[in-house]
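> give me a 3D structure for the following:
(2 chains)
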Amino acid sequence: MTPRATFPHKFLPYLLLAPQLAITLVFFYWPASQAVRQSLFREDPFGLRSTFVGLANFKHVLSQPNYINSLEVTVVFSVLTTLISMGAALLLAVMAEKVVRGRGLYRTLMIWPYAVAPAIAGMLWLFMFNPSFGTLAFPLRWLGLNWDPLLNSGQAMVLLIAAAAWKQVSYNFLFFVAGLQSIPKSLLEAASIDGAGEARRFWTITFPLLAPTTFFLLVVNSVYALFDTFGIIDAVTGGGPGRATETLVYKVYKDGFVNLILGDSAAESVILMAIVIALTAVQFRYIERKVHYG
Amino acid sequence: MISTSISNRVIAHALLILGVVIVAFPIYYVFVASTHSLTEILSPPLPLLPGNQFLHNYYEAIFGGVQRIGGVSATRLLFNTTVVGLCVAIGKIVISILSAYAIVFFRFPFRMTFFWMIFITLMLPVEVRILPTYKVMVQLHLIDTFGGLILPLIASATATLLFRQFFMTIPAELVEAARVDGAGPWRFFFDILLPLSKTNIAALFVILFIYGWTQYLWPLLITNSNDMNTIIIGLKKMISFADADTQWHLVMVTCILAILPPILVVVLMQRWFVKGLVESEK
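Predicted coordinates for the structure are as follows:
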């Protein structure tokens, strides 16, 4: 990179940065440091005194069956949501590449869920499938299924995954379409001339060349499933029935605001922070390989 | 060009139509429900075509119905959410374009430290620091205020990164030429940089408006009074699946009011939206 032409000013750049920095310090760094601090202390029930307890809060949290349960719930929920929404989006994007007419229309109709808030996505699915008057719950009953996602934990999970995956399909679809368009057509033509059929062309050329897009989406979708789905869970199940759909994020919220176990909640926050840092690090290792600054 | 056989194309269309139906159906279903009477909603299956209660339901919901069951009027909810969406989008763009400008076009001590400080906020989403951030808001008396709803959301590492990346593609000659002609930093910013960034700003605006409009966890924590709720929180409070008295037809109308504005923004500004989405994440 050649040295840039710049403006010689002493104070102006600090002034320009001030609003952003003020907000990050007050609303990001200060609370985050408080979370770390609090995770090392334990408050007495009246909130009058707090004692330093080292890593005891972490030990306590990690030894709770409830926490292990929410860890399992999170893994199941995130993995299935990611796989289903990415799989469906990839299939639709590949199909959209094949058609000539109507491509724009399909795209326009496909991006709607992106604009729907996760909480509302959850409500929409619960409207359709709610046991008392959901229109789509009836065929399930008719098939002999004892459908009640508000009481049956497996069914609650299925409904949440459907809503979460539905909401994320638009996003994945747009990225897969962009990824498919960047694959050189000459490669596919050459393979076609050599006699490779459609399936073969997809698995040996298209799919490997899509790897950067797929990998990027894997990270983004994991972050989405971990954090942005809070609204879906809160609107549909509230973590229940029992604790069947209580994810890590939902547990932090519940322990902090409902059960008021502050030390545990803080420790859970710090564990989540570690997960995000790991995911972001993975994401940016990948970006560093791809983006070149001139 | 590889020609796709007709049968393949038919299969492709069939799958796409199936996909579109699944993707669009939940939204259509709620719209249909919002045009039927309460009794019809409660006696499934719901007809697949809109009913004749459209004007009645929407009139009732907007003029008093939502107020009666939610404790706050639909217009107030829409107003709050619009303010939050617009302020979050504009605020993020303003503070990010200023910070990116400082980082790319000036040289000063701790420049990279500041850059990393902004960058690292990517790793601290609201969800991992819920409780302490809430305490800060209480100490600053920001509970139940627009300031509280908006301020913590307008720091943006992503927008700063995007503007930085774009500014770095601006040729050095342009800056030199401007300086030779006697333009100061503000003149350069307003007369050259801002017009060049128009596309990026439009694209970011769409994404950030949606981001602000669809917030859930933060407004849930920061608003106690019904009057300060966003429409999504208001909607959540109106619904109780255990309660037989829920006025479902009004809930459905509120649901449509909550998803229509962002859908319109995405569909009407589709070109900017797709560009912004795919490029801001690179």
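
> B:V104 - how many residues pack around it?
20 (other CB atoms under 10 Å in any protein chain shown). Bear in mind the C-beta positions are built from the backbone N, C-alpha and C, glycine included.

> got any ranges where the chain has weak pLDDT?
Just so you know, I chose chain A. Residue ranges of chain A with pLDDT under 70: A:1-5, A:44-47, A:286-294.

> oops, chain B please
In the predicted model, chain B carries pLDDT under 70 at residues B:1-3, B:240-244, B:279-282.

> without its sequence neighbours, what residue ends up closest to the residue positioned nearest the centre of chain B?
In chain B, the C-alpha nearest the mean C-alpha coordinate belongs to B:I210, at 1.5 Å (CA atoms, centre = their mean). Using CB to CB, 6 or more residues apart in numbering or on different chains and skipping the chain neighbours, the partner closest in space to B:I210 is B:P262 (5.1 Å).

> so the one you found touches B:T214, yeah?
Yes. With contact defined as CB atoms under 8 Å, B:P262 reaches B:T214; the gap is 6.8 Å.

> need the residues touching each of the two.
A:A115, A:V116, A:A117 (CB atoms under 8 Å, 6 or more residues apart in numbering or on different chains).

> reformat those as JSON lines; add secondary structure.
Below are these laid out as JSON lines (DSSP: H, G, I helix; E, B strand; the rest coil):
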{"residue": "A:A115", "secondary structure": "helix"}
{"residue": "A:V116", "secondary structure": "coil"}
{"residue": "A:A117", "secondary structure": "coil"}
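
> just those that are near chain B?
Checked against chain B using CB under 8 Å from any CB of the partner chain, those yield the following neighbours: A:A115, A:V116, A:A117.

> which one of the residues you listed is nearest to B:H36?
A:V116 (21.0 Å; CB to CB).

> other residues contacting stretch A:242-259?
For stretch A:242-259, contacts defined as CB under 8 Å, 6+ apart pick out A:66-67, A:69-71, A:73-74, A:77, A:153-154, A:156-157, A:160, A:226-227, A:229-230, A:233-234, A:236-237, A:239-240, A:261-262, A:264-266, A:268-269, A:271-272, A:275, B:127-128, B:130-131, B:134, B:217, B:221.

> where does the nearest residue to A:A89 once chain neighbours are set aside sit, in terms of helix or strand?
Take A:A89 and drop its neighbours on the chain: the residue closest to it by CB to CB, 6+ apart is A:N172, 3.4 Å away. Per DSSP states H and E, A:N172 falls inside helix A:153-181.

> after that helix, next one along is what?
As assigned by DSSP H and E, the chain's next helix or strand after helix A:153-181 is helix A:185-193.

> what's the strand or helix carrying B:V84 packed up against?
Counting by DSSP H and E, the element that carries B:V84 is helix B:74-105. If contacts are counted by 3 or more CB pairs under 8 Å, 6 or more residues apart in numbering or on different chains; DSSP states H and E, helix B:74-105 sits against helix A:12-24, helix B:66-70, helix B:111-120, helix B:146-150, helix B:157-167, helix B:198-213, helix B:231-238, helix B:248-268.

> which elements pack onto the lengthiest helix in chain A?
In chain A, taking DSSP state H as the definition, the longest helix is helix A:65-98. With contacts taken as 3+ CB pairs under 8 Å, 6+ apart, helix A:65-98 sits against helix A:103-110, helix A:153-181, helix A:211-223, helix A:248-253, helix B:6-33.
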